[in-house]
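Trainee: Sequence first, then the predicted structure:
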Amino acid sequence: MLKGSTLQGCIESVPSAYPLTLKTIMVAVLALLLALVALYVISRKALTTRGNIYLLVGLPDGGKTTIFSALTFNQALPSHMSLQANSSNVTASSGKTVRVVDIPGHPRIRDQFREHLQDLRGIMFVVDSNSVSRNGAAVAEHLHLILDAVTSIPPSQTPPHVLIVAHKADMLKAATSSTASETAVTRVRGALERELEKRRVTQAQGVGMDGLGEEGDRVEMGGLETVSGKGPFKFTEWEGGDITFVGSFVRAGEKDDEKQQNGISALQDWIAESS
Amino acid sequence: MLDHCSISHKGGFVLWSRSFTPEVAQTASSSSSPVNSLIRDALIEGRNADDKYDKDGYTVKWTFVNDLELIFVVAYQRILQLTYVEDLLAAIKTLFMKLYEPFLTTFVESVHAISNGKVAGKDSAVSWNFAEAFKNWDTVFDKLLRNFEEKAAQERKSRYRTAAPKALVSDSTPPSDDASTIPSAALPQDEQAIARTHQALKSRLRARGGARGGRRGVARMDSESGRDSVHSSDTETGKKKTKTKVQRKWGDQVPTEEDMASLDFSSDKPNDAGNIGSHDLQALVDQASLGTRTNDGLYEVKDWEFDSQTDEADDVIARTMGSQVAEQSKGSLGALGSFFARFTGSKVLTEEDLKPALEGMKQHLMKKNVAKNIADKVCEGVGESLVGKKLGFQTTGNAVRTALSTSITRILTPKTSTDLLLSIRTKLSTPVPSAQQRMPYSITFVGVNGVGKSTNLSKVCFWLIQNGFRVLIAACDTFRSGAVEQLRVHVRNLGMLGVNGATNSKGRVELFERGYGKDAAGIAKEAIAYGKDNDFDVVLIDTAGRMQDNEPLMRALAKLVAVNNPDRIIFVGEALVGNEAVDQLTKFDRALRDFSSASGAGKGRGIDGMLVTKWDTVDDKVGAALSMTYVTGQPIFFVGCGQTYTDLRQLRVGNVVKAILSD
């Protein structure tokens, strides 16, 4: 509004042999300043606004869609393998509204998670704690991709929180000394650290295909560096930030009841805490 | 008849499903269920243009509703030749959409939150009880399914009847009060004649009494079927308008005697023009009662307990079909409507809209050296995924281009790990029983003649040596003269090249040769044994090139695979290949699978991955990569792109997609 009027003033003043009065100049400068301040405020706001997207990632058949429906609809809907991403707004118990996006786990389409990296607040990596000892290598490969993406996020952006969900904990036989979810967490953590260490060693020793020739851009997968820079890979020493573990379970097809609430309550607490 | 039927959202939510056998019900929630396999192996691989998918003895058919992102799936035993499944799917789709569209729209919205939208889930959480929402659907589905199954049963019976007419009489139920069918049970040969005279007589009487043109057929049906007359006369006016629709859904019954009579133009029937419609109308109006009657005139007992529900369901079906046709005629407002729809961004893509764009894309893909039928299938798949979608504010061409790019990316992205180094290290570090020595990791290179198997084998060898492995090359090409010498030269060269500062890598690479004319499988076996004893990490097996149609040679190759069970079988193909790529790969894969399983090694082994050679010669015509990955579904491990040992690359999916789509 202000700017428009000054412009008009300028145009009007042109024919009369530069009668640029002090007033016109002052108004113009003022308008310019105002615009600059507004721009600065807006851009700063955009910079400081942290994303509010929580991603659900992990191998297929891990339980991502079920967790998604438990979070959004308060009930576990039956599901099969997803062909596309689901997303929904969820109010965390802290009162904040966050957006949960469920990314399909099939290797051919799981790269969709990269579309959300800009507004990322948290990543929930869902692992089926029953089969992790069998297909640990595949899980680790996917986790490696995720960790690589997380570490390559530009430093201007707040790094996302990473949560590893040891899902389907109720199918495990709990040890006498600990609960089922603790057993699940220990198992998942152990298997993943082992597999990621293998990947780290291979990468440290190996010469990549593109490293053979002199020319060509060399793109290596990173994301597995520890703080100390050596030694077996431990989640506690990962340089990209903190990684939290929780155990959880949801039974598909069951209505909202006491037991199921307990199943993902740790996960919900984590969202509330980190949002 | 059917084993499983489900309706689900593309995001993974199952809206409604039913398993008809306990086996399917058991696997329904596991990853090996027919639906999950279908999605994993067909839909995500971009094969959604195929019309069916076979898995574990099941045949699975499916159809999409793209704007609501729904998938309808039907699975049945493969040995059953169910002809009605496609019609059933189409009918389910139409009905389901009509009945539950508002509910579905809100559900789909709830799983597509826009960033600043309100919280969708919590307030409406109660309504996502699918069992409650689709309560009525069970009855409708039952009715629909029964209609189709009975129709199929009639067809089958009529086929068997000519061979053994008596056999059917024993399992038939008591005939009803229909006059024309009583004699027919006893005298099948005469029934047609009787029915025909009966019909001719009736029509003559009607004509004399001033019949009401096109309604004659209906009136006749009413008099015959009796109990359903109210219902049929209710719907009849709607049906007259909707002749085309009607023919597609319900008009494909096996001709009954009445049909034959009405089609019989030899006897003199007045007013033939008005009679044409009677065939369709009859099949339609008589839905409820025809279902109980076989075409040979025998009656089956009707399920009375379902009756009220059935009528209701019938009514729903009839009403929905009627309204659908009305809408179709309304929708065809012409070019003006679509013109405005485009401006408001609500244009829905139809097959006609997509045709030119898809045709253009197909030509483009073929120019990029994609095999013709692969280009066909990919474009068809893209079309399938776009029909019915809302266009928004982009042009059709843009929409197709985006969808094609996603589809190609999806096809080229590997679904298994391509990290060969990790795989080798994992195998070598796996603990073995103390009495045994660890087996070396073996890789077999197969392919047609002259594509560069030996050359690229030596490049892979160089890369492995650089990574600190000890490599043994097995010269199993015992046919082409000079093949062994070629490898010997490579080994000598590689031995002289240094690794990590060392002046040479002697002892890191060796050649295992047994001259010419010997059995390749035996040489490979010896080579692996030698590698095991001498602590080699990797054995690379070079095989003779062979044409994919040469069965004896393919059998020999399969024997080599079956005997030695290599860790990886890599197919070497050249980037120059066009349509031939499909044939080569399918035949190699199939021959390996068939012949190696036949020789007793259990489940057949197929190709594990590809190596594409001569990549540097094709510029941006990289279509062969797409053809190859589409055919096998396996990843491209390496790309050979030059004359030196270092000219081995990994495929960058992004770059290939860009090259294929570039003009």
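Mentor: Arrived safely.
Trainee: all contacts plus neighbour counts: C-alpha atoms, from now on.
Mentor: Noted.
Trainee: helix/strand/coil for A:Ala28?
Mentor: helix (DSSP: H, G, I helix; E, B strand; the rest coil).
Trainee: Run a quick neighbour tally on it.
Mentor: 19 (other CA atoms under 10 Å in any protein chain shown).
Trainee: ok, now B:Asp567?
Mentor: Using other CA under 10 Å: B:Asp567 sits among 17 other residues.
Trainee: Okay, it and B:Leu421: tell me how far apart.
Mentor: 13 Å (CA to CA, to the nearest Å).
Trainee: likewise A:Ser133?
Mentor: Distance from A:Ser133 to B:Leu421, by CA to CA: 21 Å.
Trainee: would you say B:Phe64 is within a strand?
Mentor: Yes - with three-state DSSP as the criterion, B:Phe64 is part of a strand.
Trainee: Leaving out sequence neighbours, find the closest residue to it.
Mentor: B:Ile71 (4.7 Å; CA to CA, 6 or more residues apart in numbering or on different chains).
Trainee: three-state assignment of the one you found?
Mentor: Per three-state DSSP, B:Ile71 ends up strand.
Trainee: how about the spatially closest residue to B:Asp533 that is not a sequence neighbour, phi and psi?
Mentor: Excluding its sequence neighbours, the residue lying closest to B:Asp533 (CA to CA, 6+ apart) is B:Gln437, at 7.6 Å. Torsion angles at B:Gln437 (phi, psi; degrees, to the nearest 10) stand at phi -90, psi 150.
Trainee: how close does the residue of the stretch 301-450 of chain B at minimum distance from chain A sit to A:Glu115?
Mentor: Nearest residue of the stretch 301-450 of chain B to chain A, counting by CA to the nearest CA: B:Lys415, 4.9 Å away. Separation of B:Lys415 from A:Glu115 (CA to CA) stands at 20 Å.
Trainee: Would you map out the domains in chain B?
Mentor: Using automatic domain parsing, the domain ranges for chain B come out as B:4-153, B:310-412, B:420-425+B:440-661.
Trainee: Could I get those domains in JSON lines, plus columns for mean pLDDT?
Mentor: Listed next are the domains of chain B as JSON lines, based on pLDDT from 0 to 100:
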{"stretch": "domain B:4-153", "mean pLDDT": "81"}
{"stretch": "domain B:310-412", "mean pLDDT": "78"}
{"stretch": "domain B:420-425+B:440-661", "mean pLDDT": "89"}
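Trainee: for the ones you listed, which one ends up most surrounded?
Mentor: domain B:420-425+B:440-661 (a mean of 20; mean count of other CA atoms under 10 Å in any protein chain shown).
Trainee: Pretty sure B:Asp67 sits against B:Ser385.
Mentor: No - with contact defined as CA atoms under 8 Å, B:Asp67 does not reach B:Ser385; the gap is 9.5 Å.
Trainee: Of all the domains of chain B, which one comes closest to A:Gln205?
Mentor: domain B:420-425+B:440-661 (7.1 Å; CA to CA).
Trainee: Ends of that closest one, what's the gap?
Mentor: End to end - CA to CA - domain B:420-425+B:440-661 spans 29 Å.
Trainee: Stretch A:158-169 too?
Mentor: End-to-end distance (CA to CA), stretch A:158-169: 31 Å.
Trainee: Mean confidence (pLDDT) on it, please.
Mentor: The average pLDDT for stretch A:158-169 rounds to 87.
Trainee: Check what contacts it and list those residues.
Mentor: A:50, A:62-63, A:120-130, A:150, A:153, A:180-181, A:183-185, A:188, A:241-250, A:267, A:274 (CA atoms under 8 Å, 6 or more residues apart in numbering or on different chains).
Trainee: from those, which ones fall inside helices?
Mentor: Taking DSSP state H, the ones among the contacts of stretch A:158-169 that sit in helices are A:Val150, A:Ala180, A:Ser181, A:Thr183, A:Ala184, A:Val185, A:Val188, A:Leu267, A:Ser274.
Trainee: which among these gets closest to A:Leu77?
Mentor: Nearest member of the ones in helices among the contacts of stretch A:158-169 to A:Leu77, counting by CA to CA, is A:Leu267, at 18.0 Å.
Trainee: number of nearby residues for the closest one?
Mentor: 22.
Trainee: wait, what's in contact with it?
Mentor: By CA under 8 Å, 6+ apart, the neighbours of A:Leu267 are A:Val165, A:Val246, A:Ser248.
Trainee: what's the spacing between it and A:Ala70?
Mentor: Counting by CA to CA, the gap from A:Leu267 to A:Ala70 is 11 Å.
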